[in-house]
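Asker: sharing a model that was predicted from the sequence below.
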2 protein chains.
Amino acid sequence: MPNWITPDFGPRPQRPLFLCIISNSDTGKIPGLSAAGTSPALTDYTPGADAELVECNKIITMPELPEAPGGSPTPAIVTKAALNLTGIPSLFVASGLRMKPAVPYVELGGQAGNDIRKQSAIVDPQGLFERAESLGRKLAKLSDCVFIGESIAGGTTTALAVLRALGYSGNVSSSFASNPSELKGRVVKEAMARAGVTQGSLKDDPVTAVKELGDPMMPAAVGLMSGLKGCKVVLAGGTQMAAVLALGKAMGVEGDISIATTKYIMEDKTASFREIVESTGRPYYYADPGLENSKIPGVQIYAQGYVKEGVGMGGASLLAGLYGVTQKQLVEETDRVLMTVELPKK
Amino acid sequence: MPNWITPDFGPRPQRPLFLCIISNSDTGKIPGLSAAGTSPALTDYTPGADAELVECNKIITMPELPEAPGGSPTPAIVTKAALNLTGIPSLFVASGLRMKPAVPYVELGGQAGNDIRKQSAIVDPQGLFERAESLGRKLAKLSDCVFIGESIAGGTTTALAVLRALGYSGNVSSSFASNPSELKGRVVKEAMARAGVTQGSLKDDPVTAVKELGDPMMPAAVGLMSGLKGCKVVLAGGTQMAAVLALGKAMGVEGDISIATTKYIMEDKTASFREIVESTGRPYYYADPGLENSKIPGVQIYAQGYVKEGVGMGGASLLAGLYGVTQKQLVEETDRVLMTVELPKK
């Protein structure tokens, strides 16, 4: 095990599969909440563009590379680098996605999430859960270890709302270097008031927590976890995926389930990744992708807390480490991916 | 090997995967050409409904069970029975599909095929091929043996047109008991005249043959075959899939590729399955599902040449046989599937 992966993950899987759930939600369009896109109007396109970048190193359906307002590129570049270096297959899974990617993906259906301040988050979380579970059952027959990442703008805010409804007091992280925690708190408070939910009042009703306060990524992730019985499942993400672990616990989902993230999430003092995960009783792992050694300023500043996680970059980095990729190789390939990604002609 | 599978297929695969390509084409709406749907207007819904039946034993997006005008139910019931009895995972793959199923499926994009008498069949066969190839490369890392079936109305007519363009003189089969060969021949003649193609004139240009005279199932099937290198590939179908073999040969696609169909296709004197496949140099297998022993008249008459094949029923039956399922069990489960399938409320 390389020293940039903590702690020891155990043996390398035989037939790993990297899944990434892509979803849209109007909560992600609240100005100032998400750094997944340079403007709220573009956030709907970001998940599909992340899929395109990972699947063919090309942005097709979005006018530009997905990047944070500060100029940092999407974490999909790190995921793509890790998958390139290992040859591990990926599949994007659309759940409540408005803007579809122009690459092969699995469609679970469902509608994009609503602004949780204004109305219930999701129309049919049970349907998404069941379809994801059905997909998970199939994939469990083909793979021995499935990583599940996500790309959805505004996902940490819906994660915070769901965590509160389930009774967790920890905080969530942010794709901004400076976490807009106050704004998030305000949105969550408004949403909980609208839904008549108080701290912990839905701890025995996780489905309603997702339906009222979540987003379409969540039922898909929990459904996959549930369907992937007999297969090692590693959620790949930060506090959003920690909220999925919490949902899984509340729903009684069992199995060999853990979570993998980046060192940047572990170091985020505004968030409580470790506490939330420990409350769920599931193991966590984290990788240090070493991006301070990138030659590209927008990537270097990941190490200062910009972006931090997303598109399963922590889990993908960990997989790369398991396959013998060095931190140096991962950083160089990340830079190469970013320099060679094909963008739409202006 | 059970005696209802001919010839010996070899050892049972370790991690088989059953794929089924679902597509639409306006060629399938020419009255009298296809039995996949009781009326031309419903043919667009048939592939999605087949996916729903196999994935959840429920018809959701079509007002009725897909059936031939004579009342025979869709061959998806046999495929579903075989998959139920073996637990083999399935994935439907949409390629140029208008009406999407309400179950998880892989989306390859693309537009539905045009009426080949009137205009080029497909806009971008190369794009569909490349996306399918990319999906195939991933699946080859997870499965050791992939079966590929199809559900597209009018597919034998486009198959005939492509075979003629490639220089094959054999005939195609039909989902009707009485093959409307004359009508098919007329459609193909008109289409070839429109496209300026004569018998064999595109034998060195299979991409143009598909683009002008094919349907969106074909580039997806050839792309998957090409991407699935290192993995055993079994096309599951009749003369449509034989045309895909011919395309693969013309495009130089290599690998462990064969075709599996039903005894009903082998017995079809109006068609030349064996001759076409033998010209491609690939092995063929066939299963006798024994449907004359069904308790349901619409299923019994499969054995008299109604329906014959589709949704990979021959390949799925063969897989069931490899897994120790008896013909009797397959027939009983087929009847049970048909009696329990949930239909939309009128």
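Answerer: Sure thing, it's come through.
Asker: just the CA coordinates of stretch A:310-325, formatted as PDB?
Answerer: This file holds the C-alpha atoms of stretch A:310-325, laid out as PDB (Å, rounded to 0.1, in the frame of the first residue of the first chain):
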ATOM      1  CA  GLY A 310     -16.200  15.200  -6.500                       C
ATOM      2  CA  VAL A 311     -16.700  12.700  -9.400                       C
ATOM      3  CA  GLY A 312     -15.200  10.200  -7.000                       C
ATOM      4  CA  MET A 313     -11.700  11.600  -7.300                       C
ATOM      5  CA  GLY A 314     -10.700  10.300  -3.800                       C
ATOM      6  CA  GLY A 315     -11.800   6.800  -4.500                       C
ATOM      7  CA  ALA A 316     -10.400   6.800  -8.000                       C
ATOM      8  CA  SER A 317      -7.000   8.000  -6.600                       C
ATOM      9  CA  LEU A 318      -7.100   5.200  -4.000                       C
ATOM     10  CA  LEU A 319      -7.800   2.600  -6.700                       C
ATOM     11  CA  ALA A 320      -4.900   4.000  -8.700                       C
ATOM     12  CA  GLY A 321      -2.700   3.600  -5.600                       C
ATOM     13  CA  LEU A 322      -3.900   0.000  -5.100                       C
ATOM     14  CA  TYR A 323      -2.800  -0.700  -8.700                       C
ATOM     15  CA  GLY A 324       0.700   0.600  -8.100                       C
ATOM     16  CA  VAL A 325       0.300   4.000  -9.500                       C
END
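Asker: and that stretch, average pLDDT?
Answerer: Per-residue pLDDT over stretch A:310-325 has a mean of 97.
Asker: now do that stretch: distance to the chain's middle.
Answerer: 14 Å (Cα atoms, centre = their mean, to the nearest Å).
Asker: quick check: closest non-adjacent residue to A:P31.
Answerer: A:P40 (5.7 Å; Cβ to Cβ, 6 or more residues apart in numbering or on different chains). Quick note: C-beta positions are derived from backbone N, CA and C, even for glycine.
Asker: what does that neighbour show for phi and psi?
Answerer: phi -50, psi -30 (degrees, to the nearest 10).
Asker: I'd say it and A:D26 touch.
Answerer: No - using Cβ atoms under 8 Å, A:P40 makes no contact with A:D26, being 9.4 Å away.
Asker: higher neighbour count, those two?
Answerer: A:D26 (22 against 17; other Cβ atoms under 10 Å in any protein chain shown).
Asker: ok, the more buried one - contacts?
Answerer: Counting by Cβ atoms under 8 Å, 6 or more residues apart in numbering or on different chains, A:D26 touches A:112-115.
Asker: what does A:A140 give?
Answerer: A:A140 sits in contact with A:146, A:227-231, where contact means Cβ under 8 Å, 6+ apart.
Asker: returning to what we had before: ok, so of the contacts of A:D26, who is nearest A:A102?
Answerer: Nearest to A:A102 among these: A:A112, at 18.4 Å, using Cβ to Cβ.
Asker: am I right that the closest one is in contact with A:K100?
Answerer: No - under the criterion of Cβ under 8 Å, A:A112 is not in contact with A:K100, lying 11.6 Å apart.
Asker: which of those two has more neighbours?
Answerer: Remark: of A:A112 and A:K100, A:A112 carries more neighbours, 20 against 16, as counted by other Cβ under 10 Å.
Asker: where's the more buried one relative to chain B, distance?
Answerer: To chain B, A:A112 is 16 Å away according to Cβ to the nearest Cβ, to the nearest Å.
Asker: quick one: contacts for the closest residue to that residue other than its chain neighbours?
Answerer: Nearest residue to A:A112, sequence neighbours excluded (Cβ to Cβ, 6+ apart): A:N24, at 3.9 Å. Neighbour list for A:N24: A:43-44, A:47, A:96-99, A:112-113, A:152-153, A:216 [criterion: Cβ under 8 Å, 6+ apart].
Asker: right, I'll leave it there.
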